[in-house]
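Asker: Fold the stuff below for me.
(one chain, ligands or ions: 1)
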Amino acid sequence: MDIYVRRGDSFWYYSNLFNIPLQLIIDSNRDLDPNALTVGRTVKIPGYAAVDYRIRAGDTLWQIARSRNIQVDALLLANRNINPNGLYIGQMIKVPTRITWRIVQGKKNYDYGSLMSDLRRLENVYPFMQVPSIGNSVLGKRIPEALIGSGNKKVHYNGSFHANEWITTPVLMTFLNDYLLALTNQSSIRGLSMLNLYKLTTLSIVPMVNPDGVDLVLNGPPEEEPWNERVVEWNRGSMDFSGWKANIRGVDLNDQFPAEWEKEKARNPSQPGPRDYGGEKPLSEPEAIAMAELTRRRDFSRVLAFHTQGEVIYWGFENLEPPESEAMVNEFGRVSGYQPVKTIESYAGYKDWFIQDWRRPGFTVELGFGINPLPLSQFDEIYEEALGIFLAGLYL
Ligand SMILES: [Zn+2]
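Answerer: Now for the predicted structure:
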């Protein structure tokens, strides 16, 4: 919600008036100097929406404020030119309304359009979250990152590296929404103060690494040639893309990283297709390049890549992982019921590369159990299991 600075106002005053943590107001207005607010400037108040209300006979600002559990001055701030003693019937005013509900509705076929529209709405209500783009997909879709927190510990989560594992995206988005919601309402999740976590960590989430692939699985082939024809050909003429993991060029993005890439190539298909083809060389695909560049730029303390399925957590790579990885994975296992697994014969994955090049904790979390794409009927159960891991990834 936008308000306008008056003489004598301060972020500290707004924080008290709206009962929103000061840090969130500061972080929502990065272009403003908290110690030198200019009269008339717009300030964003996170966690609120300005809702239209039509004045009825007998209404007063005092009574409207009281019935909505807000201060009269909050009403005055939201309605710049209002005359409190000159309200008239039928007049439209804005009522600052605290957001106490989820915006993200994750239990649906969550394609790229759903992701972008939810991110826009979250960004609007929670402007302390930043949503930079990390690059573009083959078909030119912007790949968004959500950044939240003001702390030094840099944590990264990603989802939908694999197209038919797209349920990982709404699971991550639901967590993002619940985190934001808990911050502005100063509530806890499973007994943890989210504001403390906000101050200690910076969380980077790339909820959909492979947007072209997700849209292919959910909506069918793109209109763009040559991909329209090629994906059907690579899919052996079938229009059922539920087995598709790769990007739109038939390259498996989680076989693209320079960590024993040749070993992975040797045991995998040598042509583009629905899954397991690692490309002509490491990091040939724009989505994989975007992830590699992001990872180099951000200097993450730890990364968790969310996939489906199996209810296992992979935590090792060629014995290059640091000792703390094992303690961490045991906690992830404890809070989710998932089984820690050190390694399988698999290379060139994102977490493999992270462990190899940074010697920091990297994990692949296989959410849920069944045949991909996992059905939405599992969503709530998966979210409950994943939630423990999302939280532990921040507090550990
Ligand atoms: Zn996967």
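
Asker: Smallest gap between the stretch 251-396 of the chain and the ion, at which residue?
Answerer: residue 307 (3.3 Å; CB to the ion). Any C-beta I mention is one placed from the backbone N, CA and C, and that applies to glycine too.

Asker: what distance separates the strand or helix carrying that residue from the centre of its chain?
Answerer: Applying DSSP states H and E as the criterion places residue 307 in strand 302-308. The chain centroid and the centroid of strand 302-308 are separated by 13 Å under CA atoms, centre = their mean, to the nearest Å.

Asker: what's near enough to touch the residue nearest to residue 231 when sequence neighbours are not counted?
Answerer: Computed as CB to CB, 6 or more residues apart in numbering, the closest residue to residue 231 that is not its neighbour in sequence is residue 221, at 5.1 Å. Contact analysis of residue 221 by CB atoms under 8 Å, 6 or more residues apart in numbering lists 227-228, 231-232, 239, 241.

Asker: The ion: which of those residues is nearest?
Answerer: Nearest to the ion, judged by CB to the ion, of those is residue 241 at 15.3 Å.

Asker: Can you give me the neighbour number for that closest one?
Answerer: Neighbour count of residue 241, defined by other CB atoms under 10 Å: 21.

Asker: now residue 250
Answerer: For residue 250, using other CB under 10 Å, the count is 23.

Asker: cool, and residue 105?
Answerer: Neighbourhood size, residue 105 [other CB under 10 Å]: 13.

Asker: what secondary structure does it sit in?
Answerer: coil (DSSP: H, G, I helix; E, B strand; the rest coil).

Asker: And for the one 5 residues further on?
Answerer: Using three-state DSSP as the criterion, the local structure at residue 110 reads coil.

Asker: so it touches residue 166, yeah?
Answerer: Yes: using CB atoms under 8 Å, residue 110 is in contact with residue 166, at 6.2 Å.

Asker: Quick check: neighbours shared by those two?
Answerer: With CB under 8 Å, 6+ apart as the test, residue 110 and residue 166 both reach 214, 218.

Asker: residue boundaries of the helices in the stretch 101-250 of the chain?
Answerer: For the stretch 101-250 of the chain, the helices defined by DSSP state H, counting those that start in this stretch cover 112-125, 168-184, 194-200, 211-219, 227-234.

Asker: Show the contacting residues for the residue of the stretch 151-300 of the chain found nearest the ion.
Answerer: Residue nearest to the ion within the stretch 151-300 of the chain: residue 162 (3.6 Å; CB to the ion). Contacts for residue 162 (CB under 8 Å, 6+ apart) come out as 210, 213, 245, 252-254, 275, 307, 372.

Asker: what does the strand holding residue 307 contact?
Answerer: Under CB under 8 Å, 6+ apart, the answer for strand 302-308 is 155-159, 161-162, 165, 167-168, 171-172, 254, 295, 328, 349-351, 354, 360-368, 372-374, 382, 386, 389, 393.

Asker: repeat that with 6 Å
Answerer: By CB atoms under 6 Å, 6 or more residues apart in numbering, the residues outside strand 302-308 that reach it are 155-159, 165, 168, 350-351, 354, 361-368, 372, 374, 393.

Asker: and residue 155, how far is that from residue 358?
Answerer: Residue 155 sits 13 Å away from residue 358, going by CB to CB, to the nearest Å.

Asker: Please say which of the two ends up with more neighbours.
Answerer: Set residue 155 next to residue 358 and count neighbours by other CB under 10 Å: residue 155 wins out with 23 against 18.
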